[in-house]
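[1] Pasted the sequence and its predicted model underneath.
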Amino acid sequence: MVKPSATGNSSAHGIKIAIKSFGPTSEELASIGERLSLNPALLDYVGHSRARLLYVEALEEAEPAKGGRPKPPSAFRATLYDDKRHRTILAEGLLSAPRKLSLTESALPPPPSDAEFAAAVKIVRRDAALGAALAGGQSEPYQPIPALSLTELPDGSIERRIAVGLLPRGPNAEHEIVAVDLAARAVTRFEGRAPGNARPHGGGLCGVPHDANQATAAKGTAGQVWVTVTQGGQTLWRFLAVRPAASSGTNGSGIELRFVDYKSKRVLYRAHVPILNVKYDADACGPYRDWQYQEGMIQAQGIDVAPGFRLCSVPASTIMDTASDTGNFLGVGIYVRGNEVVLVSEMEAGWYRYVSEWRLGTNGTIRPRFGFAAVESQCVCNVHHHHVYWRLDFDIRTAGNNRVREFNDPPLVGSSKWHTKSFEIRRARDFARKRKWRVENTVSREGYEIIPNASDGVAGAEPDAPFGRGDVWILRYRGSEIDDGSVAIGPPYEADIDRWVNGEAISNHDVVVWYGAHFTHDVNHAGPAHPDHIVGPDLKPVNW
């Protein structure tokens, strides 16, 4: 049984980390799922159909007043799927009174659960030809991208089938992706051996050897903690950390930080990565909108201090460090390296492996980082371009009274190298002008600078243009603009942040900065996993 809270001490520079659980446990959510199968209201709603429970997740509480502290989640949402009527059923209720449900339905297909994928693999094993290849070790199953094969029906519903990839392991085997209808227990094979946007293109496999048998943490898995970092008796950092599997947004958002305070003063209300996509040269595969809630294994030595959080005695390592698709822990590893506290987790989306990381320095610097790797696939043998978009909801000291200033050298406006952004705007990175941005409180003048790194790239570079939509957006805060709503089964695949740039005043208001970074991945020349495959800006305090 994981302890509800724990304190870990590090002798490195006298830094101490205290961690305390927040919100329901996975066991509590699983118990609700078990009771749903007997709920009269749900049984009546489903009728003669059969609806599979996919996952139960805690719902984020309504946002407290800016500057306040959140309450633990009090409500849940259960997602079920009805194959017969091709509909998603959402059952919502209170954790304290799960029998009383609010029920709605939608044609939008939900992501597959781990149990569904496992059931799909079993059906493939019963197929005469494919099953023989699996049994004989000629092929190995894995979850591809997209994870679903969808067909729109005349009435507006969508036929949903689970995609199963088959890696070639024998001398005469070929890579293939099939679709499985769980209700009919039927396997569909495609012309060209895969759906059009995931079609293998001859030749061998590229990427780190794939471990198809390791566990993953699925969407909705519980895991939130309060983290307090002290040094020499002084509290440096306090924030709420959310594991990727419990993160917010349509497709998840990696490790999510909320209510981030440095030296007891608010810096960020929320910081996460709600949008992640990839584009291939000449559309060799994809494009894809990726998901960021399916955690993969990392190597982490230490003690489990809360569900999905391990306080590490040595730095945790990911595929970026080991070039191995294996590990011993699912969730977030927390450790001290030098003068930084590091939170790291690895995520899976088909054959992609993504690393979500936050590095918080004792001097107040925050270094958000995102890494890119891949496991065996024919698609990743082709050059492709990853785009990651951080959403940084700054509340410098207060929610309001914030503004954004931009630095250019040589200047853009008059003789001053700094100018204030008055209205919502999209801005390009300009390394020639040493361009950076400062979010500051207009009353106290305390602030944080957003400093790009050369590895972050520039949007619009050929041959990827115009898929990488931009570098930086400065927006007025709106609670409805957590992400652009595009699901990871696409289309659309491009980031649609531009639609929020609608002329609103932003100076002396509550502001949000979206920061996009762009990485070109060439597995053939750079290797499947490499430490240089990391992007992200530096956030540095000013006048703090």
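    All right, it came through fine.
[2] Quick check: buried residues in stretch 231-250?
    For stretch 231-250, the neighbour count (16 or more other C-beta atoms under 10 Å) marks 231, 236-250 as buried. Bear in mind the C-beta positions are built from the backbone N, C-alpha and C, glycine included.
[3] And stretch 413-429, by the same measure?
    Neighbour-count burial for stretch 413-429 [16+ other C-beta under 10 Å]: 417, 421, 424, 426-427, 429.
[4] hang on, P141 is in a helix, isn't it?
    No. Using DSSP: H, G, I helix; E, B strand; the rest coil, the assignment for P141 is strand, not a helix.
[5] ok, it to S415 distance?
    Distance from P141 to S415, counting by C-beta to C-beta, to the nearest Å: 64 Å.
[6] what's the answer for G350, then?
    Distance from G350 to S415, by C-beta to C-beta: 52 Å.
[7] Need the pLDDT of A12.
    With respect to pLDDT, A12 scores 62.
[8] Show me where the stretch 51-200 of the chain has its strands.
    51-59, 75-82, 87-94, 97-106, 139-142, 148-152, 158-168, 176-181, 186-188 (DSSP state E, counting those that start in this stretch).
[9] I'd like to know which of these lies nearest to T221.
    The closest of the strands of the stretch 51-200 of the chain to T221 is strand 51-59. By C-beta to C-beta, the value is 8.2 Å.
[10] mind listing the helices in the stretch 251-400 of the chain by residue range?
    All helices of the stretch 251-400 of the chain, identified by DSSP state H, counting those that start in this stretch, fall at 319-322.
[11] residue ranges for the strands of it, please.
    Under DSSP E, counting those that start in this stretch, the stretch 251-400 of the chain gives strands at 256-262, 265-280, 288-289, 295-298, 302-306, 309-312, 329-330, 332-337, 340-349, 352-361, 366-374, 384-394.
[12] where are the low-confidence patches of this protein?
    Scanning the chain for pLDDT under 70 picks out 1-12, 63-69, 199-203, 212, 461-465, 525-531.
[13] Recalculate using a threshold of 50.
    Within the chain, the stretches with pLDDT under 50 are 1-4.
[14] Of all residues in it, which one is nearest the centre?
    Nearest to the mean C-alpha position of the chain, counting by C-alpha atoms, centre = their mean, stands Q292 at 2.6 Å.
[15] Settle this for me: it is touching I255, isn't it.
    No. Taking C-beta atoms under 8 Å as the definition, Q292 is not a contact partner of I255, at 9.3 Å.
[16] rewinding a little: pull the most distant pair out of the buried residues of stretch 231-250.
    Maximum distance among the buried residues of stretch 231-250 (C-beta to C-beta): 37.8 Å, for Q231 and T250.
[17] Can I get the strands of the stretch 251-400 of the chain in JSON lines including distance to Y81 and mean neighbour count?
    Shown next, in JSON lines, are the strands of the stretch 251-400 of the chain (distance: least, C-beta to C-beta, whole Å; neighbours: other C-beta atoms under 10 Å):
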{"stretch": "strand 256-262", "distance to Y81": "26", "mean neighbour count": "22"}
{"stretch": "strand 265-280", "distance to Y81": "24", "mean neighbour count": "24"}
{"stretch": "strand 288-289", "distance to Y81": "20", "mean neighbour count": "26"}
{"stretch": "strand 295-298", "distance to Y81": "22", "mean neighbour count": "26"}
{"stretch": "strand 302-306", "distance to Y81": "30", "mean neighbour count": "20"}
{"stretch": "strand 309-312", "distance to Y81": "30", "mean neighbour count": "25"}
{"stretch": "strand 329-330", "distance to Y81": "24", "mean neighbour count": "23"}
{"stretch": "strand 332-337", "distance to Y81": "29", "mean neighbour count": "24"}
{"stretch": "strand 340-349", "distance to Y81": "20", "mean neighbour count": "25"}
{"stretch": "strand 352-361", "distance to Y81": "24", "mean neighbour count": "24"}
{"stretch": "strand 366-374", "distance to Y81": "29", "mean neighbour count": "24"}
{"stretch": "strand 384-394", "distance to Y81": "29", "mean neighbour count": "25"}
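[18] Any chance of a markdown table for the ones you listed, columns distance to R469?
    Listed next are the strands of the stretch 251-400 of the chain as a markdown table, based on distance: least, C-beta to C-beta, whole Å:
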| stretch | distance to R469 |
| --- | --- |
| strand 256-262 | 22 |
| strand 265-280 | 9 |
| strand 288-289 | 13 |
| strand 295-298 | 27 |
| strand 302-306 | 37 |
| strand 309-312 | 34 |
| strand 329-330 | 32 |
| strand 332-337 | 29 |
| strand 340-349 | 20 |
| strand 352-361 | 19 |
| strand 366-374 | 17 |
| strand 384-394 | 8 |
